[in-house]
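Trainee: Everything below, folded, please.
(4 chains)
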2 protein chains.
Amino acid sequence: MRAEPGRSVTSKVLALLDAFSPATPALTLSELARRTRLPLPTVHRRTAELVEWGALERGDDGRYRIGLRLWEVASLAPRGLGLREVALPVMEDLYEVTHENVQLAVRQDLELVFIERIAGRHAVPVLTRVGGRFALHATGVGLVLLAHAPAEVQEQVLAAPLERYTELTITDPGRLRRCLADVRRAGYAVSDRQVTMDALSVAAPIRVPEGVVAAISLVVAHDQADPVALAPLVRAAGRVVSRALMDPPPGTRRM
Amino acid sequence: MRAEPGRSVTSKVLALLDAFSPATPALTLSELARRTRLPLPTVHRRTAELVEWGALERGDDGRYRIGLRLWEVASLAPRGLGLREVALPVMEDLYEVTHENVQLAVRQDLELVFIERIAGRHAVPVLTRVGGRFALHATGVGLVLLAHAPAEVQEQVLAAPLERYTELTITDPGRLRRCLADVRRAGYAVSDRQVTMDALSVAAPIRVPEGVVAAISLVVAHDQADPVALAPLVRAAGRVVSRALMDPPPGTRRM
DNA sequence: CTTCGGCTTTCACCCAGTGAAAGCGTCAGT
DNA sequence: ACTGACGCTTTCACTGGGTGAAAGCCGAAG
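Mentor: Have a look, this model is predicted:
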């Protein structure tokens, strides 16, 4: 045979999409072939179909980019835009009151994904990107999501080395375990300079009957605010979103 | 042969994604099979792979939904989140000043797609959804996008019947043609009660050297504001976004 | 217990997909 | 102008991933 076996067509198509990343949002045909380890003609054929449908777009420079049609379909993801739609009004309220960064995130496997962010022009700059990923053990939202994740997920995170971002990042599994217990007990998480030395975040869970599906947080300058004072505000926001998730769309919920 | 020929595997995978819509964001296996006209075992196999990768998620109810992983990748679409990131600060400024609905849209084929919307709690309710589509000939953003679309696109839209939404919707091709000329000359578009009888929108183009890539608009109560007075504001917003699109990311632009 | 609808698995067949190879077009260096 | 390098596109004969009919499962309704 010629065809290298054990690789389905679908997996190749998905590998092509996977090749795109925040750092490389535009790729040439050869770059795609290299990244996916697929023969060039194969990539050529599959991308042609993806472009025709609109999953990819090809610029005048010959580079492929993610297409608007794919973005349209993806906007139907309940945990993506769906969640955002519900949470945004509450996030805007939080922003009105505090004029600080407001973040919304969900857990995906062993990391978190930022679903939305309101970044005040005058607030502490944060390095997160909507659609971007981050480790679970450092940020406020991450601690909330990890604290309420299935035991199996927690064990996997605790078993792996915990990356250090600042001198205050928790890298000791035992300490992290106790921290998570605190988060569950208090109903909110505080990450004080564990990601950058200038910022602190306070996060609260967003719940549906099945469990915690997302987390909402405020990010503020570390020397400017008292986390304990912010906690009730963030927790209340979390509860409002939780209720909004369950109440209005009686048929089409299910996170 | 058994396999009905003429249908590529990739096209089937894309058809599966296509089956999801704002009205049907969650589908059972059989519903997917019906909508895609694919045999049930085929759907079963392909969805299994899509779920494994994260393009789809399967709920406890057995229904398939668009997965977060697909949303992540799609967030890299330059004309989706990419454009939004650049335009959002300006949209927020517009909102601060007016406290009215602010919309951002691009053209996709013969329709427009809403990329972002800031809907004030107290502003006129609008029925648009981020990620949703709409006809080009009625809204403010639509008129701007159509006025600057390739001649071929304009002809196709003018040739098809123009759907009527209100008694003020332009449905006469000749009138629409003159209207588009006005839009090009004035540098902005006004849609006065052409979608709903309570609202009016003022829209301006967002340009890169290659042409108009998007449009930004204000939607206000029709009896509350003077479109001509709003026009400079919206046009200025469009120009600020246009510049932002070209200036800062010198490498990674290309809309 | 039986029926029904929806989901999953099996199995033998075969066409969509494959990759090596050759053909193009463009650009930089000589 | 020639040459070589590079990236993209097309060709072609082969084959294994994909196929759908059919049968097996499972839980809910009758």
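Trainee: from here on, contacts and neighbour counts on C-alpha atoms
Mentor: OK.
Trainee: wait, what's in contact with residue A:224?
Mentor: With contact set as CA atoms under 8 Å, 6 or more residues apart in numbering or on different chains, residue A:224 has no partners.
Trainee: State the distance from the residue lying closest to residue A:170 once chain neighbours are set aside to residue A:211.
Mentor: Nearest residue to residue A:170, sequence neighbours excluded (CA to CA, 6 or more residues apart in numbering or on different chains): residue A:176, at 6.2 Å. Noted for residue A:176: a distance of 21 Å to residue A:211, by CA to CA, to the nearest Å.
Trainee: check which helix or strand covers the residue lying closest to residue A:46 once chain neighbours are set aside.
Mentor: Excluding the flanking residues, the one nearest residue A:46 by CA to CA, 6+ apart is residue A:13, at 6.7 Å. Residue A:13 is part of helix A:9-18 when elements are defined by DSSP states H and E.
Trainee: Tell me which residues are up against that helix.
Mentor: Counting by CA under 8 Å, 6+ apart, A:32, A:36, A:38, A:43, A:46-47, A:66, B:9-10, B:13, B:46, B:49-50, B:53, B:73 sit against helix A:9-18.
Trainee: rerun that using 6 Å as the cut-off
Mentor: Outside of helix A:9-18, no residue comes within contact range by CA atoms under 6 Å, 6 or more residues apart in numbering or on different chains.
Trainee: quick one, it and helix B:9-18 angle?
Mentor: On the basis of axes from the mean of the first three to the mean of the last three CA atoms, to 10 degrees, helix A:9-18 is oriented at 70 degrees to helix B:9-18.
Trainee: Quick one: mean pLDDT for helix A:9-18?
Mentor: When pLDDT is averaged over helix A:9-18, the result is 97.
Trainee: Tell me if it is near DNA strand C.
Mentor: Yes: remark: helix A:9-18 sits within contact range of DNA strand C at A:9, A:12, by CA under 7 Å from any atom of the strand.
Trainee: And that helix, how far out from the chain middle?
Mentor: Distance of helix A:9-18 from the chain centroid (CA atoms, centre = their mean, to the nearest Å) equals 22 Å.
Trainee: hmm, back to that, could you count how many residues lie near the residue nearest to residue A:46?
Mentor: 20 (other CA atoms under 10 Å in any protein chain shown).
Trainee: Tell me how far it lies from residue B:8.
Mentor: 12 Å.
Trainee: One more: residue A:132?
Mentor: 32 Å.
Trainee: try residue A:78
Mentor: The gap separating residue A:78 from residue B:8 is 29 Å, by CA to CA.
Trainee: neighbour count winner among these two?
Mentor: Neighbours were counted for residue A:78 and for residue B:8 using other CA under 10 Å; residue A:78 has more, 23 against 11.
Trainee: Just the pLDDT at the more buried one, thanks.
Mentor: pLDDT, residue A:78: 96.
Trainee: SS state for the residue in the stretch 51-200 of chain A positioned nearest to DNA strand C?
Mentor: Ranked by CA to the nearest atom of the strand, the top residue of the stretch 51-200 of chain A for proximity to DNA strand C is residue A:61, at 10.4 Å. Per DSSP: H, G, I helix; E, B strand; the rest coil, the local secondary structure of residue A:61 is coil.
Trainee: Residue A:150: neighbour count?
Mentor: Counted with other CA under 10 Å, residue A:150 comes out at 11.
Trainee: Revised request: answer the last question for residue A:90.
Mentor: 19.
Trainee: Find the nearest non-adjacent residue to it, please.
Mentor: Here the residue nearest residue A:90, using CA to CA, 6+ apart, is residue A:237, at 6.3 Å.
Trainee: just how off-centre is the helix or strand where that neighbour lies within its chain?
Mentor: Using DSSP H and E, residue A:237 maps to helix A:227-246. Distance, stretch centre to chain centre, for helix A:227-246: 19 Å (CA atoms, centre = their mean).
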